[in-house]
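Undergrad: A structural model of the following input is requested.
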Amino acid sequence: MSTSARAVGPGWLSVVTFALATIVHGMAVVAIANRFSTRLPPHAAGRAGKVRAVAPLVLPALLLVPGVYLVLLLALGMVMTLVGSQVTPLVRALRSRAAVTAGRVALAALAAVLLPGTLVALRDVIVRDPPAVQADLTERSHDAARP
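TA: Sure thing, here's the model as predicted:
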């Protein structure tokens with residue numbers, strides 16, 4: 001584990017903080033989506049109404065600029081889904097019991113493959129070796145004191 005991760009504090013605190021951050025993020029997404037679903041007019045009257053409705057979305061839109069490739073991949077996936085949903089035999093095949101079962105088995109296998117690494121990482125965050133942390137911090141302070 002990196003030195004900066006060890007210096008944060010007890011591992012349980014990191015896990016609890018991250019869990020709470022995800023809960024707060026989810027609550028914020030719901031609140032923002034609810035606000036925009038009730039405040040955005042379906043047909044804004046005039047240019048000023050449209051600008052007022054869209055202005056709060058400008059900053060989040062600018063944050064998408066670095067992730068333009070991710071957005072393009074997402075759009076490509078949506079187009080493929082839309083086109084694929086028009087092909088009736090494909091839709092029937094993907095909705096069949098065998099395809100659904102195969103998808104569930106694939107997800108379960110993926111979860112089983114990723115679980116050991118997740119548990120090791122979680123244990124590494126929760127159970128930190130205090131002597132190793134102290135030795136590393138001591139070594140860093142000695143390195144900083146040398147010219």
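Undergrad: and the residue nearest the centre of the chain, what helix or strand is that in?
TA: In the chain, the C-alpha nearest the mean C-alpha coordinate belongs to residue 22, at 9.0 Å (Cα atoms, centre = their mean). For residue 22, the enclosing helix or strand under DSSP states H and E is helix 11-39.
Undergrad: Name the residues of that helix that are buried.
TA: Buried residues in helix 11-39, counted by 16 or more other Cβ atoms under 10 Å: residue 11. Where C-beta positions appear, they are placed from N, C-alpha and C, glycine not excepted.
Undergrad: Show me what that helix is packed against.
TA: helix 97-126 (3 or more Cβ pairs under 8 Å, 6 or more residues apart in numbering; DSSP states H and E).
Undergrad: Check which helices and strands the helix it packs on sits against.
TA: Short answer (3+ Cβ pairs under 8 Å, 6+ apart): helix 97-126 packs on helix 11-39.
Undergrad: I'd like the mean pLDDT over the helix or strand following the helix it packs on, please.
TA: Downstream of helix 11-39, the first helix or strand assigned by DSSP H and E is helix 46-54. Throughout helix 46-54, pLDDT has a mean value of 76.
Undergrad: helix or strand right after helix 46-54?
TA: Criterion used, DSSP H and E; the element after helix 46-54 is helix 58-63.
Undergrad: tell me the average confidence for that next one?
TA: 76.
Undergrad: do the same with stretch 127-136
TA: Rounded mean pLDDT across stretch 127-136 is 59.
Undergrad: Stretch 23-37 too?
TA: 85.
Undergrad: do the same with stretch 11-20
TA: 82.
Undergrad: Can you give me the buried ones in the helix or strand harbouring residue 92?
TA: Assessed by DSSP H and E, residue 92 sits inside helix 88-94. By neighbour count with 16+ other Cβ under 10 Å, helix 88-94 contains no buried residues.
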